[in-house]
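In: everything below, folded, please.
(2 chains)
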Amino acid sequence: MSSTTPTVDVERTPVPPVSLREILPYWVFAGVVLMFGIYFVGAEEGATAVFSGSAVHELVHDARHLLGFPCH
Amino acid sequence: MMRTLLVRGMLVGLVAGVLAFLWAHFVGEHPVRAAIAVEEAAAPPPVPGGPVEEEVVGRGTQEGLGLLLGTTIFAVAIGGFVALVLAIVQGRASTLRVRATVAAVCGLGFLATVIVPFTKYPANPPAVGSGDTIDERTGWFFVLVIIALVGVVAAVRLGRQLHARWGAGNAIFAAGVLFVLLMAVAHVALPNENEVRAGFPPQILWDFRLANLGTQAIVWTTVAFGFGIAAEHAVEGRPLRPRARPLPQTVA
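Out: Below is the predicted model:
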């Protein structure tokens, strides 16, 4: 009677995937904003600069080093 | 759903950033201070009446608020990106449980953005790098990260294609071999950048690079664990508790 025994497949989630239409605007907006976050921590006022001076670089200086980004 | 996942990913990222700050502040700053001390000992003594190098941001702020700001902004971004990637792959490229998918995304993200660049362009403490080559070093660093991310996608695709024929173990092994081969090619093809000047104490360098790996590991594992729970809860719409499944014996 094993054919009538329902099996619970713990590998698979029954939840349908999030639709790509819903994901796209979040990717475009959040993706850009988060990229800028990583850019300011990782590279601003190093190889390239949006602002002149070195205040951003100096402020996040230790984080940039300890997160492993190239820094001076 | 996407909004919930993104918000939770970034909130877990905030926690991850604070934890990474604690590690970086209490452990990572030791080799940073030691490296700065080496630099200052090697620098010529300031000329009386000569130009004084103005400190834009004090060391205290760099080790405290600045460090906290940097780790949290970075970790919030990582949490957000993991959420964005999860929404795409869950139910498509991955049919695993949500927590397992999050763990896989974080593990592969750590591999591509931390481990791979670590093998080619490892982090250096202050006072080691040369300011003259920062442009090309930053450029090649990000090129390698992008190559590694493309390599991860290629390896996962190969693994999924081979899964049905070869089984999970062999498919994962084959995907791993492809990834290592791609990274080996990139390793040989990209230019070397050795910034460590002769005579710099190797112990400080080693301690600093371990601290760097630790900071990143805390970010990624916190997101993997915390967001795994938060995302599974959100996707499956269930409160978090040990999963009790009904026994399948009640069917007539």
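
In: worst-scoring helix or strand of the chain, pLDDT-wise?
Out: Since no chain was named, I'll use chain A. Lowest by mean pLDDT, DSSP states H and E among the helices and strands of chain A is helix A:55-59, with a mean of 87.

In: wrong one, chain B
Out: Ranked by mean pLDDT, DSSP H and E, the weakest helix or strand in chain B is helix B:59-63, scoring a mean of 86.

In: who touches that helix?
Out: With CB atoms under 8 Å, 6 or more residues apart in numbering or on different chains as the test, helix B:59-63 has contacts from A:Glu58, A:Leu59, A:His61, A:Asp62, B:His25, B:Glu29, B:Val32, B:Ile36. Quick note: C-beta positions are derived from backbone N, CA and C, even for glycine.

In: what does stretch B:69-82 give?
Out: Applying CB under 8 Å, 6+ apart, the contact partners of stretch B:69-82 are A:30-31, A:34-35, A:37-38, A:40-42, A:59-60, A:62-64, A:66-67, B:6, B:9-14, B:16-18, B:20-21, B:24, B:102, B:105-106, B:109, B:215, B:219-220, B:222-223, B:227.

In: who wins on neighbours among the contacts of helix B:59-63?
Out: With neighbours taken as other CB atoms under 10 Å in any protein chain shown, the top of the contacts of helix B:59-63 is A:Asp62, carrying 30 neighbours.

In: check which helix or strand covers that residue.
Out: For A:Asp62, the element it lies in under DSSP states H and E is helix A:61-66.

In: swap in A:Ser52?
Out: Per DSSP H and E, there is no helix or strand for A:Ser52.

In: state the number of residues packed around it.
Out: So A:Ser52, with other CB under 10 Å, has 7 neighbours.

In: quick one, what contacts it?
Out: Residues near A:Ser52 by CB under 8 Å, 6+ apart: none.

In: which stretches of the chain have low pLDDT?
Out: Just going to use chain A. Within chain A, the segments meeting pLDDT under 70 span A:1-14.

In: the chain in question should be chain B.
Out: For chain B, the stretches with pLDDT under 70 are B:46-54, B:129-131, B:238-252.
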